[in-house]
Structure formats: structure tokens, C-alpha cells
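**Student:** Next comes the sequence, and after it the predicted model I'd like to discuss.
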Amino acid sequence: MNIFLKEMKSHRKSLIFWSIGVFLMVVSGMVKYESLSSSGQPMNEMLEGMPKSMLAVLGIGEFDISTATGYYGLLFIYLLLMATIHAAMLGATIIAKEERDKTSEFLFVKPVSRNGIIIAKLVAAFVNILILNIVTFVSSLVLVGKYSNGEVVTGDIAVTMAGMFILQLLFMVIGSSLAAVKRKSKTAASLATGVLLLTYVISVAIDLNENIEGFKYFTPFKYFEAKNVMFGGGFEFTFVLLSGVLIAALTVTTFVFYKKRDLNV
């Protein structure tokens, strides 16, 4: 069977479960928004008494949560975490699963070069994260639009989804490069997730302490924050360029180290 199709079939159930999870996250978030907005209590005043540290951890930031787009900006960080965790784990497992499942010999006796195998696997991973991104976009567009009370939401949601997709690609190749570099590649998924959570913690720390603002270049979660891309004028060229360089470098790393590695069979 074609390697690309085999990988798509292998990750089909996982993609379905993640897609359902994202959809339910959007549904629960917007139902909560409707409940709060209909309670009669000013929503922004509810946040005034909360400590800054709690607001930073929850990702609330500087949003006007009385509007559908503002509330969606609050919800976006959780959607982003789900999408990037999926991408990091997918990038690692799609490279390492033959060694994990002891099926390396089955794959590598086929008349396909290692570069050909990597290309097929990364394209399959790319399609998976694209599908999850589209599911998130459509779910958000429909559900936020339903509760928007006439607000124009399409542009704001589209720009956040574009930022999410760039970060999905970045964490996908972080996972794939770790799987290619590590001798015990089956641990790459947990390591990639650890890197992701560490960078998220750094982003929260930056929100808590403005004196470490310079560390924002070390955490992708600061590259395309909803409060900036939705309400601050779109993407910063520096972060787009940095993301592109990292994606390219990590993709090259995946190819170079996977070609050199001795596979555990």
C-alpha cells in the first residue's frame, strides 16, 4: 500500500477523536458564553477581582469577554494547546512508530528511499493537521457566528486559524526532528509534549512579569496570540519569519538524522 495512504489510515481514528474533542471544546465554550451573557451580570466586572496570576494561567489576558469575538479570543488558547499537542505527538509518532511497533523491516524492504519515506510521512502528518485546523475553523465560524449578535467574526477567526496552523507545523516538525535525532525514538512524543508545555509555561511567566518580555522569542505561544492578531493589527513579520526559519531547519534536521540513524528492529 502507498505509504501516504497507509499513514492516513493508521492515524484516522486519532484524527477523528481529536476533531470531536476540538468541536466539543468550541461548543462548551460558546454555551458558557451564552449562559454568562444572559445572566445579566457585566462579564468583564466578574474578572476584576481575580488575581493577575490566575488570569494569566487561564489565558484571559486583555479581552472584552462581553463580545463573542473577545470570548473566543479567551477560548483560543485552549484550542491552540489541543492542536499543537496533537501536532507534536503526531510528528513524533509518525516517524517513530515502525521502531515502536517492531515493523521497521516490513517498511524498509520496500523499494523506497528513506527520503521518500520521510516525505510520505510528513505529507500525511501535514494533511492530518490541516484537517484538524479546518475542523476547528468551521466549528468556530458556525458556533461563534451563532452567538455573535451581528458581530463580524469571519476575519478574526480566520487570522487566528492561520496562526494556529503555523504553530501546528512548527510543533509537528519539533516532534519529527526529536524522533529522528533520539536513539530511543519511541520517547520522542513525550519529549515533544514536554517541550510544548515548557514553552507554554514560559509564555505564562512573561504575562506575569513584563521584565522578561525578551523571552517571547523562545516561546511560539507568544508569536500569534489572539489579542495581537485579532485586535492588534495581524501578524508580526518577525514572528512569521522566525517560524518559517524554525520549520525549515527542523524539517532538514528530520531528513538528515533519519537518513543516518540505525533503526532498532
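**Tutor:** Looks like it arrived, so ask away. Residues are numbered from 1 along each chain as shown.
**Student:** I'd like the next helix or strand past the lowest-mean-pLDDT helix or strand in the chain.
**Tutor:** Here the helix or strand of the chain ranked lowest by mean pLDDT, DSSP states H and E is helix 104-108, holding a mean of 57. Going down the chain from helix 104-108, the next helix or strand is helix 114-146, by DSSP states H and E.
**Student:** so what does that following helix touch, helix or strand wise?
**Tutor:** helix 3-10, helix 12-37, helix 68-100, helix 104-108, helix 154-181, helix 237-260 (3 or more CB pairs under 8 Å, 6 or more residues apart in numbering; DSSP states H and E). Using the backbone N, CA and C atoms, a C-beta is placed for each residue, glycine as well.
**Student:** The ones you listed: lowest mean pLDDT?
**Tutor:** Mean pLDDT is lowest for helix 104-108 among the helices and strands packed on helix 114-146, at a mean of 57.
**Student:** what pLDDT does A226 get?
**Tutor:** We have a pLDDT of 84 for A226.
**Student:** Surely K227 and Y72 touch.
**Tutor:** No. Counting by CB atoms under 8 Å, K227 does not reach Y72; the two are 11.5 Å apart.
**Student:** Those two - which one has more neighbours?
**Tutor:** When K227 and Y72 are compared for neighbours, Y72 comes out ahead with 28 against 17, by other CB atoms under 10 Å.
**Student:** got a list of what the more buried one touches?
**Tutor:** G29, M30, S140, V144, V153, D156, I157, T160, A226 (CB atoms under 8 Å, 6 or more residues apart in numbering).
**Student:** got a pLDDT number for the fifth one?
**Tutor:** To tie it back to what came earlier, the one meant is V153. For V153, the model assigns a pLDDT of 80.
**Student:** what's the spacing between it and Y71?
**Tutor:** Using CB to CB, to the nearest Å, V153 is found at 11 Å from Y71.
**Student:** More neighbours: these two, which one.
**Tutor:** Y71 (24 against 21).
**Student:** Help me confirm that that one comes into contact with G29.
**Tutor:** Yes. Applying CB under 8 Å as the test, Y71 and G29 come out as touching, 7.3 Å apart.
**Student:** hang on, isn't M172 packed against F126?
**Tutor:** Yes. Using CB under 8 Å, M172 is in contact with F126, at 7.4 Å.
**Student:** Settle it for me: which of the two has more neighbours?
**Tutor:** Using other CB under 10 Å as the criterion, M172 and F126 rank with M172 on top: 29 against 17.
**Student:** Now for the closest residue to I131 other than its chain neighbours: which residues touch it?
**Tutor:** Excluding the flanking residues, the one nearest I131 by CB to CB, 6 or more residues apart in numbering is L15, at 6.2 Å. Counting by CB under 8 Å, 6+ apart, L15 touches N128, I131, L132.
**Student:** Tabulate these (a markdown table), appending neighbour count, pLDDT and distance to V181.
**Tutor:** A markdown table is the format used below for those (neighbours: other CB atoms under 10 Å; pLDDT from 0 to 100; distance: CB to CB, whole Å):
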| residue | neighbour count | pLDDT | distance to V181 |
| --- | --- | --- | --- |
| N128 | 25 | 97 | 22 |
| I131 | 15 | 97 | 27 |
| L132 | 23 | 97 | 25 |
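**Student:** Done for today, thanks.
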